[in-house]
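prediction below, plus the sequence it came from.
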Amino acid sequence: MILRLLAMLVMVLSGAAAAAAQQAAPPVDNCRTCHAQLDGKLGEPAQQFADDVHATRGFTCANCHGGDPREEDMEKSMSRTRGFRGAPKRSEIPQLCAKCHSDGAFMRAYNPSLRTDQLAQYQTSVHGKRLSSGDARVAVCSDCHGVHKIRPASSPISNVHPQQIPNTCGRCHADAGYMKPYKIRTDQLLSYQASVHFDKLKGGDLAAPTCVTCHGNHGATPPGVTSVERVCGTCHVFQEQLFDQSPHKDAWAKTKIPSCLTCHGNHAIKHTSDTMVGTGKESICMTCHVEGDNGGKAAGRIYTALTGLDASLGEALSVVDTAERKGMEVGEARVTLSAAREKLIKARVDLHTMDGARVEETTKAGEKLSKQANQDGVQALAEYTFRRKGLALSLLVIAFVVVCLWLLIRNLERPAAGEETERT
Ligand code: HEC
Ligand code: HEC
Ligand code: HEC
Ligand code: HEC
Ligand code: HEC
Ligand code: HEC
Ligand code: HEC
Ligand code: HEC
Ligand code: HEC
């Protein structure tokens, strides 16, 4: 007990001292000065350390390695009697980092908003559990964050920034040789990079899921059936709600068939298409249903409803486009058209109920709008033809009048035969 109190006191004091160091002149760090002049593995840490988040907060090499940074002499500064620990073993790293990061009081002095549950979370992960059972090949803190050039997670060049994460995890998980003893797949990175999610991420959309969105960062575990449902549903809210209303919910739960993954996959999630439903070769419904059963019937109905509206929209669009190219005003038809397209999008979400009637209800509303837009387009085209005919007619009339006028003027100007001879 007394020891714990003492330890806490030291922590608090060192916290205050470190906080003060932030304001004061940069601390004397002979470790860094000497190591910066060394080559290779001994020099690199010092060369990289300048922009490390810990260096910018006034920490020195000794905060992690022990020893005495005030001593210029190598023997003295790296002496065991001054607490020098050397380079920690991989298995010791989580405890080393957690010395500060799991200490709420200490961390608050620097950044009150930073979580302090990383070690606790880590210990629940497959990585953490295997480490504690003696396997040091799993990811430890420094595999994901780096060692001497650690950045805040928000920095774009941090290893744990969303856009860097796939490669950070892939360094081990895509390395078939490294992962060989574990007999798990090593295609996660490649598959993920072929997904619509990665496309979005690459395009700069940080809201797209990365490895850690689905697996957790410190508690990285393979998601269980229920947690996967929750993960997809945090972003795709409506699909989840409607899936929950579908006959699949209870039937699949009983036989432990996962929800979204069964139809969409996990890593290589692709854009969807209407051919996924229906009774054709690409239909996922047909992997479990047959054409005659209720599921097969619903699949056919949904497919017909979706493709029907899609085709109708295509026609309407082409009519409206033609009218617009001819210079007709089609603003209103376009508004109707986009309302119809909204219905198609909604119908594709509605299908997660697997209820043919419900999908048809939405597509029928879409068809109505689509027909309306089509009619508006046809009308605009008719008006165009009418105007063309009118224009031709008025041109004819104008030409006739011009010719008449010309004839009239010629008649007026032509002198009488007598006058002409008189002048000469
Ligand atoms: C005057 C130069 C000098 C100073 C000062 C110095 N070192 Fe070193 N350090 C070395 C050299 C040379 C080696 C490699 C030889 C050895 O391990 O004894 C080394 C090795 C190390 C290693 C690797 C040991 C291992 O287990 O692989 C670490 C870590 C280290 N130093 C940290 C520190 C820290 C922390 C300080 C300050 C408290 C410090 N050094 C001060 C020169 C220095
Ligand atoms: C935030 C904690 C932390 C700080 C600060 C830190 N180190 Fe390290 N250092 C580590 C860890 C962890 C390792 C072990 C890395 C590994 O095994 O992957 C390490 C390894 C080393 C090694 C051995 C490298 C090797 O590849 O064998 C040297 C040398 C070293 N550090 C020197 C320094 C010097 C010099 C500084 C200050 C400029 C410093 N460290 C600051 C955590 C730290
Ligand atoms: C498997 C990879 C991985 C391991 C192992 C890991 N981290 Fe992280 N860490 C992350 C990711 C990813 C984030 C970014 C989270 C975010 O952006 O919300 C993060 C964020 C952090 C943060 C910022 C605050 C926070 O919690 O979001 C700290 C501090 C941190 N980690 C410390 C640690 C420590 C200490 C350990 C070891 C006990 C550790 N990490 C192990 C991946 C890892
Ligand atoms: C001596 C105490 C101490 C040790 C040891 C330590 N850290 Fe830190 N770390 C801090 C403090 C303090 C901050 C700065 C918090 C701030 O000001 O935002 C920090 C910041 C970080 C951040 C940035 C958090 C963010 O997103 O803003 C990461 C990541 C991190 N540390 C990881 C590690 C890892 C990994 C280790 C072990 C190799 C480690 N730390 C060891 C004290 C420590
Ligand atoms: C240093 C290498 C390394 C890094 C980096 C790494 N892992 Fe791992 N990971 C492993 C090893 C080794 C296992 C153990 C495999 C096993 O037991 O099945 C593992 C296990 C896992 C598992 C459990 C797999 C299962 O079904 O058993 C998941 C999920 C996982 N890692 C996700 C991640 C994520 C996400 C990241 C990046 C944030 C990451 N890992 C970074 C080495 C690594
Ligand atoms: C959209 C969510 C999602 C993303 C993003 C994601 N995963 Fe997964 N991952 C899953 C699901 C779900 C499973 C479970 C598969 C199952 O149960 O069939 C899984 C399984 C795993 C496994 C266990 C072995 C396996 O393949 O079944 C590992 C390891 C893994 N993922 C690593 C990664 C890595 C590395 C990344 C990033 C490159 C990543 N995951 C991105 C959802 C995701
Ligand atoms: C962090 C949020 C997030 C999570 C979690 C997530 N997604 Fe996505 N998903 C997105 C974003 C963003 C898009 C891109 C939407 C777009 O293209 O407009 C997308 C696209 C998709 C698409 C393609 C839609 C299309 O345009 O054809 C499918 C299918 C999909 N996700 C399924 C899933 C499944 C299944 C899971 C769970 C394993 C999942 N998503 C988890 C955000 C997420
Ligand atoms: C029984 C199979 C099945 C299940 C289960 C399923 N989906 Fe779908 N999902 C589909 C089909 C089929 C489409 C294709 C719609 C189209 O493009 O015609 C689709 C489309 C999507 C889309 C794209 C919608 C759009 O705007 O085009 C997303 C996102 C999506 N699903 C997410 C999910 C999520 C999240 C879950 C889990 C809650 C889930 N799905 C469960 C079959 C399924
Ligand atoms: C992984 C297998 C699987 C897939 C894929 C699948 N289903 Fe099902 N479906 C089932 C099971 C199991 C039931 C419940 C038992 C039953 O009624 O056949 C069910 C039930 C249904 C029902 C209710 C049947 C009734 O008798 O009331 C409908 C409708 C249905 N599915 C439609 C679909 C459609 C549409 C698709 C494709 C988008 C699809 N299913 C994909 C397995 C699947």
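Arrived safely, thanks for sending. Ligands and ions are numbered 1, 2, ... in the order given.

which residues does the residue of the stretch 301-424 of the chain found nearest ligand 6 contact?
Proximity of the stretch 301-424 of the chain to ligand 6 (C-beta to the nearest ligand atom) peaks at His352, 16.9 Å away. Placement of C-beta: from N, CA and C, glycine included. By C-beta atoms under 8 Å, 6 or more residues apart in numbering, the residues touching His352 are Phe238, Gln239, Leu242, Phe243, Ser246.

now whichever helix in the chain runs longest: mean pLDDT?
Within the chain, and with DSSP state H defining each element, the longest helix by residue count is helix 356-413. Averaged across helix 356-413, pLDDT comes to 94.

is ligand 9 contacted by that helix?
No. Against ligand 9, helix 356-413 shows no contacts by C-beta under 6 Å from any ligand atom, the least distance being 7.2 Å.

which strands and helices sit next to that helix?
Counting contacts by 3 or more C-beta pairs under 8 Å, 6 or more residues apart in numbering; DSSP states H and E, helix 356-413 packs against helix 294-325, helix 331-350.

let me have these in TSV, adding distance to Lys281, mean pLDDT and mean neighbour count as columns.
Shown next, in TSV, are the helices and strands packed on helix 356-413 (distance: least, C-beta to C-beta, whole Å; pLDDT from 0 to 100; neighbours: other C-beta atoms under 10 Å):
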stretch	distance to Lys281	mean pLDDT	mean neighbour count
helix 294-325	13	96	18
helix 331-350	20	96	18
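
for Asn111, find the nearest of those.
Among the helices and strands packed on helix 356-413, helix 331-350 comes nearest to Asn111, with 40.9 Å by C-beta to C-beta.

which residues are in contact with the closest one?
In contact with helix 331-350 (C-beta under 8 Å, 6+ apart) are residues 238-239, 242, 272, 274, 305-306, 309-310, 313, 316-317, 320, 323, 358-359, 362-363, 365-367, 369-370, 372-373, 376-377, 380.

at 6 Å what do you get?
238, 306, 309, 313, 320, 358-359, 362-363, 365-366, 369-370, 372-373, 376-377 (C-beta atoms under 6 Å, 6 or more residues apart in numbering).

please pick the buried ones from those residues.
Buried by 16 or more other C-beta atoms under 10 Å: 306, 309, 313, 320, 358-359, 362-363, 365-366, 369-370, 372-373, 376-377, out of the contacts of helix 331-350.

leaving out the residues flanking it, which one is nearest to Ala55?
Leaving out its chain neighbours, the residue that sits closest to Ala55 by C-beta to C-beta, 6 or more residues apart in numbering is Phe49, at 5.0 Å.
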